[in-house]
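Trainee: sequence plus predicted model, see below.
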Amino acid sequence: MILVISYDEDHTLDVIGRLEAAGREVARFDLADFPAHGVINFDSSDGSQPVCTLTTPTAEASLAGCRVAWWRRVRPFTVDPTLCTARDQGFAASETSQALYGMLHALDCTWINPPSLDAVAHHKPYQWEVARRVGLVLPRTLVTNQPERARRFIEDVGVGRTVFKSFLAHAEAWRETRLVRPQDLAHLDAVRYAPVIFQEFVPGADLRVTVVGERVFAAEIDASATRYPVDMRTVVDEARVRPVTLPPALTDTLLRFLRRLGLVYGAVDLRRRPDGSYVFFEVNPAGQWLFVEHRTGLPISAEVAGLLARTDARGEAPDRARAVASRPLVGRTA
């Protein structure tokens with residue numbers, strides 16, 4: 001069985017559709033269903049293997065048959081609204097975390113990605129240091145909540161040549177990467193409220209490199225002729241998008257980088273300077289790929305589904321595994 005911990009977003013549903021079309025057994029659970037709308041059972045007696053089951057309005061499964069688990073874009077728990085105080089709500093969420101995460105971590109299966117490593121890898125200062133150690137080039141960067149330090153960095157790099165950005169892109173409070181303008185200097189005191197990322201602006205074309213196991217899918221996203229070349233995410237429909245081949249040495253470095261992080265999947269953002277050199281910005285352990293797949297035809301969804309199916313098949317009886325391994329993974333088209 002393939003366990004999927006995610007909600008019903010488009011990437012997840014695309015891959016599940018392919019897996020089910022190929023005859024794979026899939027159980028998807030959204031952590032937001034627990035504990036208010038879901039049931040968690042851990043039953044252990046007489047030293048035997050515990051029986052662990054999860055039930056939500058959309059799925060029910062025993063975790064004993066799980067051979068591979070896909071951890072993608074999980075949502076926070078939802079507690080019963082009749083718990084009125086923050087203390088009671090926090091207690092319910094904490095107890096749910098202890099029970100559910102404990103059961104998931106105890107599974108004898110392959111994780112894509114391992115939840116604990118996925119969580120750590122989301123922290124940018126950590127991934128920047130790992131990237132530096134494997135030989136990737138990073139832009140000049142300052143993270144600070146000290147306005148004076150921010151001001152000195154901007155003066156050194158230059159107004160109009162410095163960008164500032166947030167650590168996370170929340171859907172409810174999304175912030176694009178912005179160039180520091182002269183009028184922004186009057187608001188630098190606001191930096192004291194929370195750390196801000198300041199970086200030198202790197203001219204060139206963006207690259208989204210999607211790594212799935214040992215497969216690397218690279219796409220160039222050239223937003224230089226769009227209305228906002230600073231952040232391609234805001235103008236991806238205007239940008240020129242095409243598949244590209246990375247230099248072999250860079251491909252090897254990126255694979256080594258993900259292995260150091262303990263990730264099986266990751267979406268890496270690079271920029272290629274006009275002189276042909278590459279600068280690393282970040283890796284998103286749950287990054288999107290469909291916007292690249294739809295524009296380039298790169299078979300990323302098929303590879304994600306294929307990796308899950310192949311891993312699942314390795315835990316089956318030999319005859320069944322051979323039959324599934326030879327079956328094409330059909331489903332939604334890219």
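Mentor: All right, it came through fine.
Trainee: in this structure, which residue is closest to the centre?
Mentor: Centroid-nearest residue in the chain, with CA atoms, centre = their mean: Ala286, separated by 1.3 Å.
Trainee: from Glu293, how far out is that one?
Mentor: Ala286 sits at a distance of 16 Å from Glu293 (criterion: CB to CB, to the nearest Å). From N, CA and C alone the C-beta is placed, and that goes for glycine too.
Trainee: got it, and Thr78?
Mentor: In terms of CB to CB, Thr78 sits 31 Å off from Glu293.
Trainee: got it, and Glu303?
Mentor: Taken as CB to CB, the span from Glu303 to Glu293 is 10 Å.
Trainee: count the neighbours of the residue nearest to Arg175 when sequence neighbours are not counted for me.
Mentor: Of all residues not flanking Arg175 in the chain, Ser166 sits nearest, at 4.7 Å (CB to CB, 6 or more residues apart in numbering). Ser166: 15 surrounding residues under other CB atoms under 10 Å.
Trainee: residues contacting Ser166?
Mentor: Residues in contact with Ser166 (CB atoms under 8 Å, 6 or more residues apart in numbering) are 175, 196-197.
Trainee: extract the CA atoms of stretch 22-34 and return them as CSV.
Mentor: Provided in CSV are the C-alpha atoms of stretch 22-34 (Å, rounded to 0.1, in the frame of the first residue of the first chain):
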residue,chain,number,x,y,z
ALA,A,22,-1.8,1.5,-12.7
GLY,A,23,-3.6,-0.7,-10.1
ARG,A,24,-1.8,0.5,-7.0
GLU,A,25,-3.5,0.6,-3.6
VAL,A,26,-3.4,4.2,-2.3
ALA,A,27,-4.7,5.6,1.0
ARG,A,28,-4.6,9.4,1.4
PHE,A,29,-5.0,11.2,4.7
ASP,A,30,-5.1,14.9,5.4
LEU,A,31,-3.7,15.8,8.8
ALA,A,32,-6.3,18.6,9.0
ASP,A,33,-8.9,16.0,9.5
PHE,A,34,-7.4,15.0,12.9
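Trainee: run the chain-centre distance for that stretch.
Mentor: Between the centre of stretch 22-34 and the centre of its chain there are 18 Å (CA atoms, centre = their mean, to the nearest Å).
Trainee: confirm that Val130 sits in a strand.
Mentor: No: per DSSP: H, G, I helix; E, B strand; the rest coil, Val130 lies outside any strand segment and is helix.
Trainee: touching, it and Leu263? I think so.
Mentor: No: here Val130 does not reach Leu263: they are 10.4 Å apart, not a contact under CB atoms under 8 Å.
Trainee: between the two, which one's more packed in?
Mentor: Legend: neighbour count by other CB under 10 Å for Val130 and Leu263, higher for Leu263 (20 against 17).
Trainee: for the closest residue to that one other than its chain neighbours, give me its contacts.
Mentor: Excluding the flanking residues, the one nearest Leu263 by CB to CB, 6+ apart is Asn113, at 5.0 Å. Counting by CB under 8 Å, 6+ apart, Asn113 touches 71, 121, 262-266, 285.
Trainee: so for the helix or strand hosting Phe42, what gets flagged as buried?
Mentor: Element membership for Phe42, per DSSP states H and E: strand 39-43. For strand 39-43, burial by neighbour count (16 or more other CB atoms under 10 Å) applies to Ile40.
Trainee: cool, and stretch 194-210?
Mentor: Result for stretch 194-210 [16+ other CB under 10 Å]: buried residues 196-202, 204-210.
Trainee: between those, which sits nearest Cys109?
Mentor: Thr210 (23.2 Å; CB to CB).
Trainee: which helix is the longest one in the protein?
Mentor: Looking across the chain with DSSP state H, the single longest helix is helix 86-105.
Trainee: just the angle for it relative to strand 39-43, thanks.
Mentor: Interaxial angle, helix 86-105 versus strand 39-43 (axes from the mean of the first three to the mean of the last three CA atoms, to 10 degrees): 50 degrees.
Trainee: what sits up against the helix or strand that comes right after helix 86-105?
Mentor: Next in sequence after helix 86-105, counting helices and strands by DSSP H and E, comes strand 110-112. For strand 110-112, contacts defined as CB under 8 Å, 6+ apart pick out 67-71, 264-265, 307-308, 311.
Trainee: since that was my last question, I'll sign off now.
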